[in-house]
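**Q** 3D model of this:
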Amino acid sequence: MIDPDSVRRRTKIVATLGPATDDDAVLSQLILAGTNILRLNFSHGTDKQHVDRIQAARRIANELKRDVGVLGDLQGPKIRIHRFRESHVQLQEGATFVIDANYDEAEGNEEVVGTTYAELAHDVDAGDMLMINDGRIQLEVMATEGSRVVCRVVVGGEVSDNKGINRQGGGLSAKALTDKDRKDIITAAAQDLDYVAISFPRGAEDVQEARRLLRAAGGDGLIVAKIERAEAVENIDSIIQVSDAVMVARGDLGVEIGDAELPGVQKDIISRARDANRVVITATQMMESMIESPIPTRAEVLDVANAVIDGTDAVMLSQETAAGKHPVKVIETVVRVCLGAERQRETQISRHRIDAHFERIDEAIAMATMYSANHLDVRAIFALTESGSTALWMSRIRSGIPIFALTRHETTRRRAALYRGVYPLEFDVLQAQAGRVGEYVLSQMVKMGIVEKGDRVIFTRGDLSGIAGGTNTMKIVVA
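**A** As a prediction, this is how the structure comes out:
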């Protein structure tokens, strides 16, 4: 089933599940409002809670006849301080503050606190800047003494239990995949998640290891690399090449590279991902004020709109839907903002791979289809697909013309729910009579109200129906 509003909206929405969405009625409204991908944050909750939420998401999506993907987001090596005796302290500018890996986990005070990362003192040098709680607290490293990192408070304020630590400029050597991540990958495989996101990868090897572990556990999900380390920005092209999608995870990334660098890096990552035919998600604090407020700030509206104009496939909401007071209203707001941004002319003009040489016939067909569609009065594009690759390649071209991915495979439809401008539809090409596939497609699309008699459309398919990678035909017809 295709929601008419979602057909017009090309940018997809990722919403995080949590306590605020555990009610079936709320989850139904979340999907109906326009959510395309539901995200599980493995940093919070138990295995049972994750499994219950996955099963609820699949059940409700099926009841609503919506193709909604599920993404599992691994926690990764979140480097944190331990806890304070009174749950929080106030750090004064200029004061000395020590982070000690050997200090009691629950006895932190205004002078010292423990850390989850035993190697911190080996990874930093005098003069380095450590950022706590997304940079709200800033500490200059004065010296290291065994397990102790002695700091001077540069920017003080209140700091509470378990806040994250970043080194400005990157360089902390914690491995991307923790023991917890390996356990969560097994859960992701068992639950047949559509996407698995790896946190804090430094290079291509981290992404490849995550894929190996997922495949070894029997999972077939696609891998999302979260770009949130300075090292990942330096290795961005190799990371993109071994990933199925990338996420611009602006929280930790902004702390490591600095706020001033973040806008340009976001635009560059989106551009590089699209050029490499990869999917890209933009995330973190997109509508954060709506955790409490029923309306966003103008800055948040512009942030979402700019990501859309940059060409992101999807925008992601975290606490806004997982624990916020207005989860459904957030989705409705993002839908409106995306639609407004997509009316800008630059979202429909593309020179993607205009001078490129294509190695594959099916990719060449996809590019030819989009070039033709953008230079003709075409109502819609129908891609008969097994794996979804043809629709993905088409979606790399900026266009206002809807691309319908027609496939009999539920997994393909759920994955394609993330692709910008692509609308998955259940369609079994094997039901069409040989030689009359085009007629069958058009008759079904007219019956569903997607096109009308007299509309010009393009459809793509392979000579051998039901074979992945076999698209070799583009046809322009009138319904």
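
**Q** residue ranges of each domain in the protein, please.
**A** Domain segmentation of the chain under automatic domain parsing yields 4-76+175-343, 88-167, 361-478.

**Q** residue 82 is nearest to which of those domains?
**A** domain 88-167 (3.5 Å; Cβ to Cβ). In short, each C-beta sits where N, CA and C put it, glycine included.

**Q** end to end, how far does the closest one reach?
**A** Using Cα to Cα, to the nearest Å, the end-to-end distance of domain 88-167 comes to 22 Å.

**Q** could you pull out the strands for the stretch 1-150 of the chain?
**A** 12-16, 37-41, 69-73, 88-91, 96-100, 112-113, 129-132, 137-145, 148-155 (DSSP state E, counting those that start in this stretch).

**Q** got the domains of the chain as JSON lines, with distance to residue 82 columns?
**A** Output for the domains of the chain, formatted as JSON lines (distance: least, Cβ to Cβ, whole Å):
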{"stretch": "domain 4-76+175-343", "distance to residue 82": "17"}
{"stretch": "domain 88-167", "distance to residue 82": "3"}
{"stretch": "domain 361-478", "distance to residue 82": "37"}
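
**Q** got those domains as TSV, with mean neighbour count and mean pLDDT columns?
**A** TSV is the format used below for the domains of the chain (neighbours: other Cβ atoms under 10 Å; pLDDT from 0 to 100):
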stretch	mean neighbour count	mean pLDDT
domain 4-76+175-343	20	96
domain 88-167	17	95
domain 361-478	19	86
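
**Q** how about the strands in the stretch 151-300 of the chain?
**A** So, for the stretch 151-300 of the chain - with DSSP E, counting those that start in this stretch - the strands run 157-160, 165-167, 195-198, 222-227, 245-249, 279-283.

**Q** so which of those strands gets nearest residue 430?
**A** So among the strands of the stretch 151-300 of the chain, strand 222-227 is nearest, using Cβ to Cβ, at 25.0 Å.

**Q** residue 402 is nearest to which of the strands of the stretch 1-150 of the chain?
**A** Comparing those by Cβ to Cβ, strand 12-16 comes nearest, at 13.0 Å.

**Q** what's the nearest residue to residue 79 if we skip its chain neighbours?
**A** residue 117 (4.3 Å; Cβ to Cβ, 6 or more residues apart in numbering).

**Q** distance of the most centrally placed residue in the chain from residue 313?
**A** Nearest to the geometric centre of the chain sits residue 281, at 3.7 Å (Cα atoms, centre = their mean). Residue 281 sits 6 Å away from residue 313, taking Cβ to Cβ, to the nearest Å as the criterion.

**Q** can you pull out the helices in the stretch 351-479 of the chain?
**A** 361-374, 389-395, 410-416, 437-447 (DSSP state H, counting those that start in this stretch).

**Q** who touches stretch 144-152?
**A** The contact list for stretch 144-152, computed with Cβ atoms under 8 Å, 6 or more residues apart in numbering, reads 94-102, 118, 120-122, 124-126, 130, 139-143.

**Q** for residue 222, give me its contacts.
**A** Applying Cβ under 8 Å, 6+ apart, the residues near residue 222 are 194-196, 244-245, 415.

**Q** now do the shared contacts for residue 281 and residue 313.
**A** With Cβ under 8 Å, 6+ apart as the test, residue 281 and residue 313 both reach 245, 418.

**Q** for the residue nearest to residue 79, grab phi and psi.
**A** When read as degrees, to the nearest 10, the backbone of residue 117 gives phi -110, psi 100.

**Q** wait, isn't residue 313 in contact with residue 419?
**A** Yes: checked against Cβ atoms under 8 Å, the pair residue 313 and residue 419 is within contact range at 6.2 Å.

**Q** now the common contact residues for the two.
**A** With Cβ under 8 Å, 6+ apart as the test, residue 313 and residue 419 both reach 12, 279, 395.

**Q** for residue 186, which of the helices of the stretch 351-479 of the chain is the nearest?
**A** helix 410-416 (19.0 Å).

**Q** run the chain-centre distance for that closest one.
**A** 16 Å (Cα atoms, centre = their mean, to the nearest Å).
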